[in-house]
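>>> test case, fold it:
(2 chains, ligands or ions: 1)
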Amino acid sequence: MQNEKTTEEVALGIRRRVFEHTMRNNGGYLSQACSAAEQLAFLYNEALNLGQPVLPMIPEPFRGVPSADNPHYVTGAGYNGPFEPHFDRLFIAPAHYALVAYATLIETGRMAPEGLEMFNKDGSSVEMIGAEHSPGMEVHNGTLGIGLSTGAGLAWGRKRRGETGEVCVFMSDGEVQEGQTWEAVQAAAFHGIDNLWAIMDVNAQQCDGAMDSVMEVGDIATKLRDFGAVVCEIDGHDLPAMRQAKAEPHEGRPLVILAHTSPTQGMGFLRQRFPRLHYVRFKTEEERAAMNREIAAELGIDPIAYSH
Amino acid sequence: MVEMVNRPYARAFEDYALRHPDVLCLSADLTSSCEIDGFRDRHPEQFLSMGMAEQNMLSFAGGLGLAGFRPFLHTFGVFLYRRPYDQLMASVAYPRRKVRLMGFLPGITTPGGMTHQAIEDVAVMRTIPNMTVLETGDATEVEGIVEAADSIDGPVYCRVLRGAIPRLFDTPFRVGQMRVLSEGGDVLVVTAGITTEEAIRARGALDAAGVSVRHLHLGTLKPFDAAQILDHAASVRHGVVTLENHLVAGGIGTMVAEAMAEAGMAKRLIRLGLQDTYAHGGSRPYLMRHYGLDALALVRAIERLTGQETGIDEAALGEVRVEDVHSAVKAEAL
Ligand SMILES: Cc1ncc(C[n+]2csc(CCOP(=O)(O)OP(=O)(O)O)c2C)c(N)n1
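Presented below is the predicted three-dimensional model:
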């Protein structure tokens, strides 16, 4: 697709949209926008080779779960373009990043802004925890730690079929606490799956707070290398570094880019909530108003008009 | 107006655990979502953070059981058995460890969609030998669930409600005892968990329409008291309706069907719940309506059973709403 905006602009747009949404709804996955905006902007705006969306710009309502009686079932993958052998595929492994992913679809012209208005509304396909029928999603990943395995299997299958498109998995660092993540890396390395790459949002946060206070995971890079991946560690807000990391040769092995990020990047005022950042809900109207004023200023926009 | 109780689990757990030093509190990175954040902060020596690693947590808990501790595992119900099923079997259930599985957000009480909704947990848990299965349906039962669970000589899985919960009952949770909420003679209604509140609403309207309902609420799903169910079923004219926050396969509807079949009881049975389908994300009232788990679905089922239209519609049920507080408790933030 045509790049109308720079990746920096897309990242800023993601933060603004998620912030606006969070203000209006008095809560949201805001810190994930801070940490992951550059990564998702990079994926959609330049790194991935994706075709034009094949689903309506304004998402259809929820149309039922997969079943033999539901022949019209579709996943949300069509927002990433058609399945063609030369196009890439993307999984958002931590499905609670859906709000950030939807904002990215809008910023890159793949979904209408109305899509975000449907977020977490009854009967909508734009679900809070991205479901496989949600825009931009192809598989269910709400149970964390399964995304990379599915990506590895798809990548192996595509390679076997001679398809040139790659498989990319966007991951979260919480996923390294799940044993399955390591089984996925080990299998991808063992089977030489090098049309697979992942970018992991290493924001050092999880539901309960800072990861080091919940369950230390040690040096993720060393562990990944020991399990057989090629690893690049970068500042996840540094786009030139991200481009360089993506270019890293990884023949016969999967590539994992560890994007070290800040869960308050671009919204420094949020830092006062540390380490309670997983789902930002304002405790008082005063806090909400202050966040609105200060973060809007940081993002270069007017405070959001919201109803109480 | 029904009393709403805020976060009864948090208080009940802390009270109980402090009196029982061999009780340990484990969490898999959902500490505040399971209302044990205060406990973690005040009693770190009795709290074990296990991270987002449920398979390890289940076998680890088996080891704690070997050392004589009684671990209470806190996470969403779905994460206690789907991924760590093998660990649950080998490390907990077979050796009858006193592991207390506290499953939050049962069935469609979570907006998180398929991956978060434990809709087959009762079916899975009740088929596991040595397992006890309990479910809470109001604030009083949530207050009693900790002690009830810890009274079990073996592993136990509990469906626990969180947040603001109505108080429907004034007598404590007793393992093995069902509650007889009404003693009508037309139909038998069997509910548990959040569907009990729906049935209470329906009953109000059904009474007014001249349908007399016998209503049982189950807090203990396994062991299942088939004899009592059969007694009640025998005493109604038309038959039985079960309503559960779960798939109809393997849950309460199945248990009642098995009991009736084994006794050779020739009465009709309608099983309400998820009908061989996954659910999706949405608010609790919306999902209950969408999948036919609410008071209106129950009224329609009873009409089918009796062959009589009651004239009850949504508006009539609205008037007997048990409370309207749920709408204010927004279903977000897992
Ligand atoms: C298997 C599984 N266990 C638990 C959860 C509940 N949960 C949702 S997000 C999350 C951890 C969040 O940490 P991370 O993945 O690093 O995301 P971030 O902190 O960046 O939002 C947990 C435990 C889940 N979705 N899946």
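>>> from here on, contacts and neighbour counts on C-alpha atoms
Fine.
>>> three-state assignment of B:Val189?
strand (DSSP: H, G, I helix; E, B strand; the rest coil).
>>> my bad, should have said B:His246
strand.
>>> the closest residue to it other than its chain neighbours: what's it in contact with?
Closest residue to B:His246 apart from its sequence neighbours, by CA to CA, 6 or more residues apart in numbering or on different chains: B:Ile119 at 4.5 Å. Counting by CA atoms under 8 Å, 6 or more residues apart in numbering or on different chains, B:Ile119 touches B:106-108, B:245-247, B:274, B:278.
>>> and the buried ones among those, selectable in PyMOL?
In PyMOL, this line selects whichever of the contacts of B:Ile119 come out buried by 16 or more other CA atoms under 10 Å in any protein chain shown:
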select buried, chain B and resi 106+107+108+245+246+247+274+278
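>>> can you read off the backbone torsions of the residue nearest to B:His246?
phi -110, psi -10 (degrees, to the nearest 10).
>>> can you give me the helices in the stretch 151-300 of chain B?
B:195-208, B:226-234, B:252-263, B:284-290, B:295-306 (DSSP state H, counting those that start in this stretch).
>>> buried ones in the longest one?
Judged by neighbour count (16+ other CA under 10 Å), helix B:195-208 contains these buried residues: B:195-206.
>>> again with stretch A:108-126
A:108-113, A:115-116, A:118-126.
>>> contacts for that stretch?
A:3, A:5, A:10, A:21, A:44-45, A:52-53, A:56-63, A:79-80, A:99, A:102-103, A:105-106, A:127-128, A:131, A:133-135, B:281-283, B:286.
>>> got a ChimeraX select line for the buried ones in the residues you listed?
Remark: buried members of the contacts of stretch A:108-126, expressed as a ChimeraX selection using 16+ other CA under 10 Å:
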select /A:10,21,44,45,53,57,59,60,62,79,80,99,102,103,105,106,127,128,131,133,134,135 /B:281,282,283,286
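>>> which of the contacts of stretch A:108-126 fall within helices?
For the contacts of stretch A:108-126, the ones inside helices are A:10, A:21, A:99, A:102-103, A:105-106, B:286, with DSSP state H as the criterion.
>>> check those residues against the ligand, which are close?
Subset of the ones in helices among the contacts of stretch A:108-126 in contact with the ligand: empty, counting by CA under 6 Å from any ligand atom.
>>> from the buried residues of helix B:195-208, which one has the minimum pLDDT?
For the buried residues of helix B:195-208, the weakest pLDDT value sits at B:Gly204, with 91.
>>> sketch out the low-pLDDT regions of chain B for me.
Chain B contains residues with pLDDT under 70 at B:319-334.
>>> show me what from it comes close to chain A.
Residues of chain B lying close to chain A (CA under 8 Å from any CA of the partner chain) are B:29-32, B:49-54, B:111-116, B:277-283, B:286, B:333.
>>> select only the buried ones of those residues in PyMOL?
Here is the PyMOL command that picks out the buried ones among those, judged by 16+ other CA under 10 Å:
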select buried, chain B and resi 29+30+31+32+49+50+51+52+53+54+111+112+113+114+115+116+278+279+280+281+282+283+286+333
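>>> need the helices for the stretch 101-250 of chain A, in chain order.
Under DSSP H, counting those that start in this stretch, the stretch 101-250 of chain A gives helices at A:114-117, A:147-160, A:179-190, A:211-214, A:220-226, A:239-246.
>>> looking at those, which is nearest to B:Asp41?
When these are compared by CA to CA, helix A:211-214 sits nearest B:Asp41, at 12.1 Å.
>>> quickly check: that closest one near chain B or not.
Yes - Helix A:211-214 is in contact with chain B by CA under 8 Å from any CA, via A:Val214.
>>> report the rounded mean pLDDT for that helix.
Helix A:211-214 comes out at a mean pLDDT of 98.
>>> could you pull out the strands for the chain?
No chain was given, so I picked chain A. A:89-92, A:167-172, A:196-202, A:205-206, A:209-210, A:230-235, A:255-260 (DSSP state E).
>>> switch to chain B, that's the one I care about
Using DSSP E, strands in chain B cover B:4-6, B:23-27, B:47-49, B:70-76, B:100-104, B:132-135, B:156-160, B:164-166, B:179-183, B:187-192, B:213-218, B:220-222, B:239-247, B:268-274.
>>> between the ones you listed, which gets nearest to A:Ala247?
Across these, closest to A:Ala247 is strand B:47-49 (CA to CA), at 38.5 Å.
>>> now the helices for the stretch 1-150 of chain B?
Under DSSP H, counting those that start in this stretch, the stretch 1-150 of chain B gives helices at B:8-19, B:37-42, B:54-66, B:85-87, B:121-126, B:139-150.
>>> for these, which one ends up most surrounded?
helix B:139-150 (a mean of 23; mean count of other CA atoms under 10 Å in any protein chain shown).
>>> what inclination does that helix have with respect to helix B:8-19?
Relative orientation of helix B:139-150 and helix B:8-19, computed by axes from the mean of the first three to the mean of the last three CA atoms, to 10 degrees: 40 degrees.
>>> show me what helix B:139-150 is packed up against.
helix B:8-19, strand B:156-160 (3 or more CA pairs under 8 Å, 6 or more residues apart in numbering or on different chains; DSSP states H and E).
>>> could you dump those into a markdown table and include distance to A:Gly27?
Formatted as a markdown table, these follow (distance: least, CA to CA, whole Å):
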| stretch | distance to A:Gly27 |
| --- | --- |
| helix B:8-19 | 23 |
| strand B:156-160 | 25 |
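>>> need those in a markdown table with distance to the ligand, can you?
Formatted as a markdown table, the helices and strands packed on helix B:139-150 follow (distance: least, CA to the nearest ligand atom, whole Å):
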| stretch | distance to the ligand |
| --- | --- |
| helix B:8-19 | 19 |
| strand B:156-160 | 16 |
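>>> what about the residue lying closest to A:Tyr29 once chain neighbours are set aside, neighbour count?
Excluding its sequence neighbours, the residue lying closest to A:Tyr29 (CA to CA, 6+ apart) is A:Tyr279, at 5.0 Å. By the criterion of other CA atoms under 10 Å in any protein chain shown, A:Tyr279 has 19 neighbours.
>>> doesn't A:Gly28 make contact with A:Tyr279?
Yes - applying CA atoms under 8 Å, one finds A:Tyr279 in contact with A:Gly28, separated by 5.6 Å.
>>> close to the ligand: what parts of chain A are there?
Checking chain A against the ligand by CA under 6 Å from any ligand atom, the hits are A:32, A:94, A:142-144, A:172-175, A:203, A:205-207, A:278.
>>> and the closest residue to A:Met215 other than its chain neighbours, what does it touch?
Nearest residue to A:Met215, sequence neighbours excluded (CA to CA, 6+ apart): B:Gly51, at 5.0 Å. Contacts for B:Gly51 were tallied using CA under 8 Å, 6+ apart; they are A:177, A:214-215, B:27-29.
>>> so how far is B:Leu168 from A:Glu114?
Going from A:Glu114 to B:Leu168 by CA to CA, to the nearest Å gives 41 Å.
>>> from A:Met23, how far off is the residue nearest to A:Tyr29?
Distance from A:Tyr279 to A:Met23, by CA to CA: 12 Å.
>>> neighbours of residue 257, how many?
Since no chain was named, I'll use chain A. 25.
>>> um, chain B though
21.
>>> so it touches B:Arg268, yeah?
No - taking contacts as CA under 8 Å, B:Ala257 lies outside contact range of B:Arg268: 9.5 Å.
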